[in-house]
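>>> Sequence and predicted structure, then a few things I'm wondering about:
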Amino acid sequence: MKSAAFRLTKSPFSIRIAHCVRCAKLETQRGFQETQRQGQLSEADVDAALREVRLALLEADVNFKVVKDFLARVRERAIGEEVMRSLSPAQMVVKIVNEELIKTLGEPAKIDLSGEPPHVVMLVGLQGSGKTTTAAKLALQLRKHQQKPLLVAADTRRPAAIQQIQTLGKQLDIPVHSESTTVPPPTICAPAVKRASDGAYSVVLLDTAGRLHIDDELMRELEEIKNKTKPQEVLLVVDAMTGQEAVRVADEFNKRVGLTGLILTKVDGDARGGAALSVRSVTGVPIKYMGVGEKTDQLEAFFPDRLASRILGMGDVLTLIEKAQETFDQEKAQKAAEKLMKAQFTFEDFLEQLQAVKKMGPISQLLGMVPGFNQVAKDLPADVTDKQMKRIEAIINSMTREERQRPEVINGSRRKRIAAGSGTSVQEVNQLLGQFKQMQRMMQQLKSGTRGVRGFPGFPGFGM
């Protein structure tokens with residue numbers, strides 16, 4: 001089932017891994033996969049898979065030095081590892097990579113609220129990383145856990161930053177300490193902590209201005225704020241789209257103010273979150289939260305397994321597999337997969353699988369679990385919904401049994417009849433037939449091994 005899940009994707013990594021898995025299977029059938037028979041991973045197996053993993057990590061914007069060190073650890077562990085009976089060597093390497101990635105990302109961690117209140121939490125980071133919104137999200141999270149937060153508007157440099165945090169505080173009914181933009185941030189933060197102590201606030205959240213790590217004057221300002229407020233937590237807010245620069249940024253902030261944790265923002269976007277792995281590897285501090293949307297309630301606890309799947313371009317594979325196992329007849333699914341790989345997959349087989357997919361839940365929910373969905377979503381038309389799935393089903397149901405088994409017999413008059421019977425247009429029928437042929441051609445190429453696969457045409461009828 002795992003290999004089937006890997007194929008449900010358009011992300012570069014999982015396409016390459018799926019292709020690698022298929023190649024390994026072909027070699028086994030031809031008698032060249034000696035390692036498979038021996039039950040251990042050889043250096044050739046590991047190196048072949050790790051080449052693809054290296055590309056996947058670099059495409060996820062993981063720092064190249066971090067990638068090099070990570071792959072060295074994986075290689076050391078993988079060589080000589082016993083191959084599970086249900087997995088091919090390539091799949092076994094992917095399993096080890098995923099486990100090592102989860103281990104590197106570390107265990108989830110919470111905000112340190114030990115000792116006497118008020119507990120000071122200082123948010124730092126680059127401009128545009130989302131610190132102000134994150135401060136409000138974090139305040140809301142803490143209040144849900146019976147804390148009494150106080151927001152502090154310590155960003156006097158960005159226009160309207162103070163008004164933004166005041167607006168957010170008003171929306172959430174959370175008090176905000178603010179002063180004039182002419183007052184230096186260290187002078188704003190120190191009285192705010194005293195106000196929190198006098199007013200029985202349990203947590204003080206300092207929203208500092210965004211700054212470049214190479215700006216010595218602004219970094220000294222952060223050091224002064226830290227010296228005056230003695231924060232228990234110094235959290236670096238990192239944009240998930242931060243690329244190779246993430247390592248230098250995190251390293252400098254860590255040296256100057258001593259980071260205690262990370263918050264990854266904009267995880268709902270196209271970025272795969274490689275910055276988190278880079279920063280975690282360099283600083284060693286735990287990832288505490290992930291921002292998954294713009295709304296103030298869209299801050300989630302960090303789960304290393306989910307972020308690992310995202311970095312590798314695998315989506316929420318485990319949930320997808322669980323749903324599929326509950327819904328699909330395993331024997332029928334295996335037969336359908338064999339037909340697909342032999343280029344013998346018919347519209348009858350497709351209809352059967354389509355009906356099984358419908359039982360799994362709304363198509364929009366399923367697509368959210370499909371690996372690489374953020375990339376695939378760009379190519380999908382806006383009307384890919386359950387209604388569109390019903391139209392595809394109606395077209396296939398309007399075909400005769402012969403037409404489903406042998407689509408090549410469908411001529412112009414038959415297409416008009418199918419369109420009329422399904423309540424669709426001849427153009428939609430042509431589109432479905434054309435893309436079904438495209439899928440069959442692709443499977444024939446895979447079967448013959450004539451060329452590698454860089455992308456999938458997707459489900460027939462989806463206009464991909």
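Perfect, thanks for sending it.

>>> Can you show me the strands along the stretch 201-350 of the chain?
203-208, 233-239, 261-265, 287-291, 299-301 (DSSP state E, counting those that start in this stretch).

>>> just those: most buried one?
Across the strands of the stretch 201-350 of the chain, averaging neighbours per residue (mean count of other Cβ atoms under 10 Å) puts strand 203-208 on top, at a mean of 28. (Glycine included, C-beta is placed from N, CA and C.)

>>> Just checking: what are the partner strands of that strand?
On the basis of DSSP bridges, the sheet neighbours of strand 203-208 come out as strand 119-124 (parallel), strand 149-154 (parallel).

>>> which of these sits most buried?
Comparing those by mean count of other Cβ under 10 Å gives strand 149-154 as most buried, with a mean of 28.

>>> what's the helix or strand just after that strand in contact with?
Downstream of strand 149-154, the next assigned helix or strand under DSSP states H and E is helix 161-172. With Cβ atoms under 8 Å, 6 or more residues apart in numbering as the contact definition, helix 161-172 has outside contacts at 132-133, 135-136, 139-140, 143, 151, 153, 155-156, 174-176, 178, 181, 207, 209, 296.

>>> List buried residues within those residues.
132-133, 135-136, 139-140, 143, 151, 153, 155-156, 174-176, 178, 207, 209, 296 (16 or more other Cβ atoms under 10 Å).

>>> So, low pLDDT: which residues of this protein?
Residues of the chain meeting the criterion pLDDT under 70: 1-39, 83-87, 269-272, 313-345, 353, 356-386, 443-464.

>>> quick one on the thing from earlier: could the strands paired with strand 203-208 go into TSV alongside distance to Ile102?
Listed next are those as TSV, based on distance: least, Cβ to Cβ, whole Å:
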stretch	distance to Ile102
strand 119-124	26
strand 149-154	31
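
>>> these two touch, right, Ser178 and Ala153?
Yes - in this structure Ser178 lies within contact range of Ala153 using Cβ atoms under 8 Å: 3.9 Å.

>>> quick one: common contacting residues for these two?
162, 165-166, 188.

>>> can you redo those residues as JSON lines with neighbour count and distance to Asn397?
Shown next, in JSON lines, are the shared contacts of Ser178 and Ala153 (neighbours: other Cβ atoms under 10 Å; distance: Cβ to Cβ, whole Å):
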{"residue": "Ile162", "neighbour count": "21", "distance to Asn397": "61"}
{"residue": "Ile165", "neighbour count": "27", "distance to Asn397": "56"}
{"residue": "Gln166", "neighbour count": "15", "distance to Asn397": "58"}
{"residue": "Ile188", "neighbour count": "23", "distance to Asn397": "68"}
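
>>> Check those residues and tell me the two furthest apart.
In the shared contacts of Ser178 and Ala153, two members sit farther apart than any others by Cβ to Cβ. They are Gln166 and Ile188, at 13.5 Å.

>>> so what sits against both of these two?
By Cβ under 8 Å, 6+ apart, the residues touching both Gln166 and Ile188 are 153, 178.

>>> my read is Gly110 is in a strand, agree?
Quick fix: residue 110 is Lys, not Gly. No - Lys110: not assigned to a strand; according to DSSP: H, G, I helix; E, B strand; the rest coil it is coil.

>>> Around it, how many other residues sit close by?
12 (other Cβ atoms under 10 Å).

>>> and what of Pro185?
24.

>>> who touches it in this structure?
154-156, 208-209, 221, 225.

>>> what do you get for Ile111?
119, 121, 138, 142, 203, 233, 261, 288.

>>> mind putting these in a markdown table, distance to Ile311 included?
Formatted as a markdown table, the contacts of Ile111 follow (distance: Cβ to Cβ, whole Å):
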| residue | distance to Ile311 |
| --- | --- |
| His119 | 31 |
| Val121 | 27 |
| Leu138 | 24 |
| Leu142 | 28 |
| Val203 | 31 |
| Glu233 | 25 |
| Gly261 | 19 |
| Lys288 | 18 |
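
>>> which stretches of the stretch 201-350 of the chain form helices?
216-229, 246-257, 274-283, 304-311, 317-327, 330-341, 347-359 (DSSP state H, counting those that start in this stretch).

>>> Grab the most central residue of the protein for me.
Centroid-nearest residue in the chain, with Cα atoms, centre = their mean: Arg310, separated by 2.9 Å.

>>> Which residue ranges of the stretch 1-150 of the chain form helices?
Secondary structure of the stretch 1-150 of the chain (DSSP H, counting those that start in this stretch): helices located at 2-7, 12-30, 34-38, 43-59, 64-78, 89-105, 131-144.

>>> Is the residue lying farthest from the centre of the chain part of a helix or strand, or is it coil?
Of all residues in the chain, Ser413 has its C-alpha farthest from the mean position, at 46.4 Å, by Cα atoms, centre = their mean. Here Ser413 is helix, with the state taken from three-state DSSP.

>>> where's it relative to Leu433, distance?
14 Å (Cβ to Cβ, to the nearest Å).

>>> ditto for Asp349
Counting by Cβ to Cβ, the separation of Asp349 from Leu433 is 15 Å.

>>> Equivalent analysis for Ile214, please.
58 Å.

>>> These two: which has the busier surroundings?
A count of neighbours by other Cβ under 10 Å puts Leu433 above the other of Ile214 and Leu433, at 21 against 10.
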